[in-house]
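Peer 1: what would the 3D arrangement of this be:
(chains A, B and C)
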Amino acid sequence: MSPRPAALAALAAVTLALAVYPEFGTGYGVRSTLQVFMWIVLASSWNLISGLTGYVSFGHVAFFGAGAYTGAILIAKAGWPWGLAALAGGLGACVLALAIGYPCLRLKGPYFAIAMLGLNEVLRALVSYFEDLTGGGNGLSLPTLDATVPIYYVMGASALLVTLVTYVIITSRFGLRLMTIREDEVAAEAMGIDTARHKLYAFLLSAAGPGVAGALTARDQGYIEPISVFPLATTITMIVMVLFGGKGTVWGPVLGAVVLFVAQEIVWARYPYVHPLLFGVIIIAVVLLMPRGVLGLLQIRYRLPRTI
Amino acid sequence: MNVFVTPAMLGQVVISGILSGALYAMVALGLALIFGVMRIINVAHGPLLMLGAYATFFLYSALGINPYLTVPVSMLVLFAVGVLLERTLVFRVVDAPELSSLLLTFGISIALVNLAQLLFTSDLRSVEYLTGSWVVGPLALSKARVVAFTVASALTGLSFLFLQRTRLGKAIRATSQNREVAMVCGIDVQRIHLVTFGLSAALAGAGGALIAVIVAIQPEMGQIWTFKSFLVIVLGGAGNYPGALLGGILLGLIEQLASLFLTTQLSEVVAYVLLVLILLVRPTGLLGGRQT
Amino acid sequence: MTSKTLGALIAALAVLAAGISGEAQGPIRIGASLSLTGTYAKLGRNQHEGYKLCEKDLNAKGGLLGRKIEFVVYDDQSTPATAVRLYEKLITEDKVEGVMGPYSSPVTEASVNVTEKYKKVMVAPLAATTSIFKRPPDKKRHYVFMVISPAEVYLEGLIDTAAKRGLKTVAVVNEDTLFSKAAASGAVELAKKRGMQVIFQEAYPKGNTDFSALLTKVKSLNPDVIAAATYFDDAVALARQMRELDVNPKAYGVTVGGDLPEFYDTLKTNADFIYGATQWEHVLPYPGNTEFFEAYKKEFGHEPSYHSAAGYAGCLIYTEAVKRAGSLDADRVREQLFKLEMRTVFGEYKVDQDGFQVAHKMVTFQWQEGKKVVVWPDELAQGKPRFPTPPWNQR
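Peer 2: Numbering: from 1, shown residues only, chains lettered A, B, ... in the order given. Sure thing, here's the model as predicted:
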């Protein structure tokens, strides 16, 4: 009996439940779920580049920040509606990915990671510098608007979309080629795969999600400043979520996002003064004990399909 | 803001750049060693420096001795910490992909910072010991920074002597060049890793001890040093040890010159833009480092 | 009295008693998100202690509207995004009856969007940024109230003191963050108004430790006054490097950080003659100031900073407005907050129609031989400034 109808039914049920949640949930509940959606977008996007091709993007939050500022500037200075601004945020992040992906993806392993890290800092510093446009260290304040519920839906839809895109890619030849690059790039080249172009496409795709999520978050918070949209901790968190759930899988990032978000909430509410320590321990544990992630382990153990 | 720059001002700024540069170089050397020998990117480098600064602070507060005398002690303490970390955690990610070492060391780094906040509190501390400067013509040389420069240069020099002349040092370099062949030659690679990590931590600790006299000490002070060490390594070439020296001085000069001719705010941007440019144009660094 | 009447009387008393105990429906819960960890940890905790002491003192005097008050506090880790969620939680899940403000301007700026949405009055004791309160008419805020003096006037005492003594040129440096930028631009405005010339202005990134190039530039221009909008580490670093590079303005002032005892512990005699600004000092002649100082020290084991006093006063101001309104209803309370003029341990409180603080006075002090001597404004001064600041080599 194929598990697919049951799985699809479960998925439909969950989606329905989430869709009606704002009717019953408190403002806090809706905001928190919105956060989970955001993390799903971030984690799944990171998975698209780093999980599939093996290129560790260690500054991926740069796209989030770029999207946030693009969106915020368009809303605050040009009066754009937030939906359009969010799309622009995604587009802006893609343009950034194109600009830096082309040269940076030529770098190998650790150099790529450090370059992405450096890029994140460059963006943060540049945003601080061009203060006429971005408000610099003052931050940027958006006109007051209570759009939490609509944003909840848009972010939820984005999360669904990114997951779908991941599924489509993993089951496609394109995805297979990306994973070939991950396993052995030289061999992939020898086989005739245009690795540069494939990597670039994956990189572009991986930037769009965070860009949109950034713009949406900026609108929801109503205020952004450089340090809060370009923090290294966000990159690390999305990476750990993917590692925990299972790198290179479809549902791994989703699982990781949900579980770790909930874990963080509990830890931080109970142990406010030691939560960074506990977070550090969690990271170490995930890296050392379960580098394949939950779904990765299950895939091996129970021979689950690749499309999980 | 732009002001008219006289040769004296330029000279002053160049001196300041060189003084901080030597410190950057020494601290970055530790990071370069780990990368060269173990292929690990140690994001926890900054927090190790922070621990060195606290070690000096507590010794100074408790015993009232010349804080510069605590440098060897800070180094020993950090050597032990480094060895401990390597033996328990880091050794597991030596051959793993860079993601593992990045994440592991990041986890260690935030754990260390939080521990420091719990044990030492976030209150700002400082070692008030050497203030003022020596005046040489139109130039003023900050006493604390000159001493830091001297000690850092000495330690860097000693490190190079160690690497070039001693058996252990040569073993480290051999492992750095080709681990398999080193093993075949009978080198105990595990021990080399242990010693290298300890040495790197010791250098970071020395850096912390020296700047404890210059800046305010608080648990998060190390973050910026991690970034700067990365910058230095990229500038000089990863795995290229003399490159770390050049890279350090270069970074110090760039920062100060950018601050003089542009604005201090931009000097931060300039440094990072340079990082990305070099990675794109000459990823092996100005002096050429390892290829992969 | 017949048994019937007695019965009726007892019944009436029972109903009355039930009515009274029904009134005591548990404490009034006041929610707040504070920076207990993260960058602002130390100061956020001081503010928390201020709230706690206010809670204790108020409950000892009978509470508010016949009920005790109880603070419900969460840690926002010094991040605006977290504070936003926490205020949502406090209001929609914990259903607190009142809220108090968080620490710092960025966090307050983000949090206000939530309190405005749910129409909850928020007294924000540690927000010093004008733009939180003064907004264009279509973006006006209605429920947020300021307690401390705005960032722009931090350096007013320094500039005023300098202008009165005929100094002419000013160099302004600041950290590139919200508060410091506002303080710096305020200083520039004030200087120009007093006919002084701002000959240099530059910002430096947060975390900068080497100011050699910056100070070399400043020194070459030889300003009379150096006004630095700083926090602690940069204030210390600047002072040290000014000595090393022999930069000798006739007056040098800093903002935040200069008032901490650690400032002098770190710099020792190099801190003398430096001017600092503070929202509050325990020696100021405000009602109940000394008692507050002693009670705080006893309760928490260390001296209060102005953040503690602001938190304490903010809580008093809010609860006073509630008392006068006779209810916790937001619109009635806010009506009272607009009308209220109050003098607390922290100083004066009075806001304009935007909720912007207009009565509180910052004081400027100067370190003189290890002691902070309030030198400005004249009505609160406890001593005269030692002027001009002598060059380093003559000390």
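
Peer 1: now for residue C:188: which residues touch it?
Peer 2: C:170, C:172, C:198, C:201 (C-beta atoms under 8 Å, 6 or more residues apart in numbering or on different chains). C-beta coordinates here come from the backbone N, C-alpha and C atoms, glycine included.

Peer 1: same list, the residues you listed, but as CSV with secondary structure, neighbour count and pLDDT please.
Peer 2: Output for the contacts of residue C:188, formatted as CSV (DSSP: H, G, I helix; E, B strand; the rest coil; neighbours: other C-beta atoms under 10 Å in any protein chain shown; pLDDT from 0 to 100):
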residue, secondary structure, neighbour count, pLDDT
C:170, strand, 29, 96
C:172, strand, 27, 96
C:198, strand, 18, 95
C:201, strand, 17, 94
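
Peer 1: where does chain B have its least confident helix or strand?
Peer 2: Of all helical and strand segments in chain B, the minimum by mean pLDDT, DSSP states H and E falls on helix B:264-281, at a mean of 82.

Peer 1: which residues in chain C form helices?
Peer 2: Applying DSSP state H to chain C gives helices spanning C:3-23, C:41-60, C:80-88, C:105-117, C:130-133, C:156-164, C:178-193, C:212-221, C:232-244, C:261-267, C:289-300, C:306-325, C:330-339.

Peer 1: how about those in TSV, adding distance to residue B:185 and mean pLDDT?
Peer 2: Formatted as TSV, the helices of chain C follow (distance: least, C-beta to C-beta, whole Å; pLDDT from 0 to 100):
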stretch	distance to residue B:185	mean pLDDT
helix C:3-23	87	53
helix C:41-60	52	93
helix C:80-88	54	91
helix C:105-117	58	91
helix C:130-133	67	89
helix C:156-164	68	94
helix C:178-193	58	91
helix C:212-221	48	93
helix C:232-244	49	89
helix C:261-267	52	85
helix C:289-300	63	95
helix C:306-325	62	95
helix C:330-339	78	94
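
Peer 1: what about residue 173, neighbour count?
Peer 2: You didn't pick a chain, so chain A it is. Other residues within reach of residue A:173, judged by other C-beta atoms under 10 Å in any protein chain shown, total 8.

Peer 1: to clarify, I was referring to chain C.
Peer 2: Residue C:173 has 26 neighbouring residues, counting by other C-beta under 10 Å.

Peer 1: which one is it nearest to, not counting chain neighbours?
Peer 2: Sequence neighbours aside, residue C:228 is the residue nearest to residue C:173 in space, at 5.1 Å (criterion: C-beta to C-beta, 6 or more residues apart in numbering or on different chains).

Peer 1: ditto for residue B:228
Peer 2: Closest to residue B:228 by C-beta to C-beta, 6+ apart is residue B:24, at 5.6 Å.

Peer 1: what does residue A:71 give?
Peer 2: Of all residues not flanking residue A:71 in the chain, residue A:215 sits nearest, at 2.6 Å (C-beta to C-beta, 6+ apart).

Peer 1: quick check, that neighbour in a strand?
Peer 2: No - according to DSSP: H, G, I helix; E, B strand; the rest coil, the state of residue A:215 is helix, so it is not within a strand.

Peer 1: was I right to think it contacts residue A:73?
Peer 2: No - under the criterion of C-beta atoms under 8 Å, residue A:215 is not in contact with residue A:73, lying 9.9 Å apart.

Peer 1: returning to that earlier point: can you give me the pLDDT of the residue nearest to residue B:228?
Peer 2: Model confidence at residue B:24, given as pLDDT, is 93.

Peer 1: count of neighbours near it?
Peer 2: By the criterion of other C-beta under 10 Å, residue B:24 has 27 neighbours.

Peer 1: ok, it - contacts?
Peer 2: With contact taken as C-beta under 8 Å, 6+ apart, residue B:24 is in contact with B:228-229, B:232, B:247-249, B:251-252.

Peer 1: try it again with 6 Å
Peer 2: By C-beta atoms under 6 Å, 6 or more residues apart in numbering or on different chains, the contact list for residue B:24 reads B:228, B:232, B:248, B:251-252.

Peer 1: ok, back up a step: distance check, the residue nearest to residue C:173 against residue C:293.
Peer 2: Distance, residue C:228 to residue C:293, using C-beta to C-beta, to the nearest Å: 28 Å.

Peer 1: how about residue C:25?
Peer 2: Noted for residue C:25: a distance of 35 Å to residue C:293, by C-beta to C-beta.

Peer 1: thought residue C:293 was touching residue C:282?
Peer 2: Yes - taking C-beta atoms under 6 Å as the definition, residue C:293 is a contact partner of residue C:282 at 4.2 Å.

Peer 1: so between residue C:25 and residue C:293, which is more surrounded?
Peer 2: For the pair residue C:25 and residue C:293, the greater number of neighbours falls to residue C:293 (18 against 8), based on other C-beta under 10 Å.

Peer 1: contacts for stretch C:50-66, please.
Peer 2: Stretch C:50-66 is contacted by residues C:28, C:68-69, C:71, C:296, C:308, C:311-312, C:315-316, C:319, C:322 when judged by C-beta under 6 Å, 6+ apart.
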